[in-house]
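A.B. asks: A structural model of the following input is requested.
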Amino acid sequence: MKKSELATPAGIDHDYNFLSGIERDLEMADKSVAERGLDIGLNGRPNGNQSQKMDWQFSAAGVKVIRAPKGMSRAKENKTHRSKSGNKNIIWTVEWIGTDKSRTLTQSSAAEPIYRIHPLFESPTSKKKRKRETEATLTSNPEAVQDTAELSTIRVASSEINSHVKAPEKAPLVLELQAESQQDAPSIESPTSQPDAPSSGAPTVDRYIFYLLRPRTSSSRRVLIPLTSTDTLGDALRGQTVEEFPTLYYFSAATPDLPPEFMLDEQYRKEEGEQQREFEELLRDVDPEILKRLKDDGTKSKVDEEVDSKRILDVLKQDLGGL
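C.D. replies: As a prediction, this is how the structure comes out:
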């Protein structure tokens, strides 16, 4: 627009329309953020290779991922990636280990509840779908339906034949014994009169107890972090550390006690804290010359060998006991 036209009514209308358009765009952006949310962590990723991009997404999700050495089986099994759908969440490779030591790998969305991504979970929708597929197979295959009808006809015919065969007369004593046994026997109702019982193999929300494995601990037992089955995988992993991808243990809710080779994270932290406090108390009471002597003894055998904290504790206890 020319400078001479700026002060004219047409120029004022042009500026007004331009500013109004900017204001509408800002309002639409605010409305979009309020409705769908602003996913800055996964969209504002840096440029680089795929590993660096995923590390950025892990950091945005609040998960610390320890990388396994290249070529190791765990690194090869890791297929964790970013979802291609609109929510742009993380699709985790998840390792599931059951009570029977069975191992299963799944690709699970961080937005799904833990009980739904469990490998043994079967939703009612999938059951109905399988039932519809069975009905469709029978409808599309008339021969199978005909075979079923012929089989029913044969059974009916055989029952009619048996009904025309006269049963041999029985002695009164036998009849009396049979009548008594029928009175004592419990009544058995027809299976069709009973509602379908829930399948014992179909997992529910409370059927299993789930734990996250804490990697690389100093304990000889596996350290497990309790999880809530209704929490999403993303919420369960936030603030946690995994090695390449999460390892989830599941145990039957009927036996809530953990096997002896496992321990809870709370117990592990308590024991670690006690050992650390004991170590710090010993260091406060030790003469600096003793620490220097310990270091010199360690470098005699191997110069680059680091002083083991447990060996320091043993020596300190001996020195303090002799004081």
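A.B. asks: What's the local residue count around the residue lying closest to E272 once chain neighbours are set aside?
C.D. replies: Using CB to CB, 6 or more residues apart in numbering and skipping residues adjacent in sequence, the residue nearest E272 is S218, 7.3 Å away. In short, each C-beta sits where N, CA and C put it, glycine included. Look at S218: counted by other CB atoms under 10 Å, it has 11 neighbours.
A.B. asks: hang on, S218 in a strand?
C.D. replies: No - counting by DSSP: H, G, I helix; E, B strand; the rest coil, S218 falls outside a strand, being coil.
A.B. asks: so S229 touches Y208, yeah?
C.D. replies: Yes - look at S229 against Y208 with CB atoms under 8 Å: they come within range, at 7.1 Å.
A.B. asks: show me where this structure has strands.
C.D. replies: 64-66, 81-82, 90-97, 103-109, 208-214, 222-226, 241-243, 247-252, 262-264 (DSSP state E).
A.B. asks: Select from these the stretch with the lowest mean pLDDT.
C.D. replies: Among the strands of the chain, strand 81-82 carries the lowest mean pLDDT, a mean of 92.
A.B. asks: Kindly list the main-chain dihedrals of the residue nearest to E272?
C.D. replies: Geometry field for S218 lists phi and psi as phi -90, psi 0, criterion degrees, to the nearest 10.
A.B. asks: returning to that earlier point: identify the contacts common to S229 and Y208.
C.D. replies: Jointly contacting S229 and Y208 under the rule CB atoms under 8 Å, 6 or more residues apart in numbering are Y115.
A.B. asks: right, and Q57 touches T80 too?
C.D. replies: No - using CB under 8 Å as the test, Q57 is too far from T80 to be in contact (9.3 Å).
A.B. asks: Show me whatever sits in contact with both of the two.
C.D. replies: Common neighbours of Q57 and T80 (CB under 8 Å, 6+ apart) are I90.
A.B. asks: re earlier: what's the pLDDT at the residue nearest to E272?
C.D. replies: With respect to pLDDT, S218 scores 90.
A.B. asks: returning to what we had before: just put the strands of the chain in JSON lines and tack on distance to E281.
C.D. replies: Listed next are the strands of the chain as JSON lines, based on distance: least, CB to CB, whole Å:
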{"stretch": "strand 64-66", "distance to E281": "30"}
{"stretch": "strand 81-82", "distance to E281": "48"}
{"stretch": "strand 90-97", "distance to E281": "39"}
{"stretch": "strand 103-109", "distance to E281": "43"}
{"stretch": "strand 208-214", "distance to E281": "26"}
{"stretch": "strand 222-226", "distance to E281": "25"}
{"stretch": "strand 241-243", "distance to E281": "28"}
{"stretch": "strand 247-252", "distance to E281": "35"}
{"stretch": "strand 262-264", "distance to E281": "24"}
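A.B. asks: Let's have the ones you listed in a markdown table, adding distance to E280 and mean neighbour count.
C.D. replies: A markdown table is the format used below for the strands of the chain (distance: least, CB to CB, whole Å; neighbours: other CB atoms under 10 Å):
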| stretch | distance to E280 | mean neighbour count |
| --- | --- | --- |
| strand 64-66 | 26 | 14 |
| strand 81-82 | 43 | 15 |
| strand 90-97 | 36 | 21 |
| strand 103-109 | 40 | 15 |
| strand 208-214 | 23 | 21 |
| strand 222-226 | 22 | 19 |
| strand 241-243 | 24 | 18 |
| strand 247-252 | 32 | 20 |
| strand 262-264 | 23 | 16 |
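A.B. asks: Can you tell me which of these is nearest to E289?
C.D. replies: Closest approach to E289 among the strands of the chain (CB to CB): strand 222-226, 37.8 Å.
A.B. asks: what packs against that closest one?
C.D. replies: strand 208-214, strand 262-264, helix 265-284 (3 or more CB pairs under 8 Å, 6 or more residues apart in numbering; DSSP states H and E).
A.B. asks: ok now do the residue lying closest to M54 once chain neighbours are set aside, which residues does it touch?
C.D. replies: Nearest residue to M54, sequence neighbours excluded (CB to CB, 6+ apart): T80, at 6.8 Å. Contact partners of T80, counting by CB under 8 Å, 6+ apart, are M54, I90, I91, W92, T93, E244, F245.
A.B. asks: Okay, T80 and E112: tell me how far apart.
C.D. replies: Applying CB to CB, to the nearest Å, the value for T80 to E112 is 14 Å.
A.B. asks: now F279
C.D. replies: Here the criterion is CB to CB. By it, F279 lies 43 Å from E112.
A.B. asks: now do M72
C.D. replies: 28 Å.
A.B. asks: more crowded one of those two?
C.D. replies: E112 (16 against 12).
A.B. asks: my read: the more buried one touches L233, true?
C.D. replies: Yes - counting by CB under 8 Å, E112 does reach L233; the two are 6.2 Å apart.
A.B. asks: Is L105 bridged to anything, and to what?
C.D. replies: E95 (DSSP bridges).
A.B. asks: Alright, that wraps it up for me.
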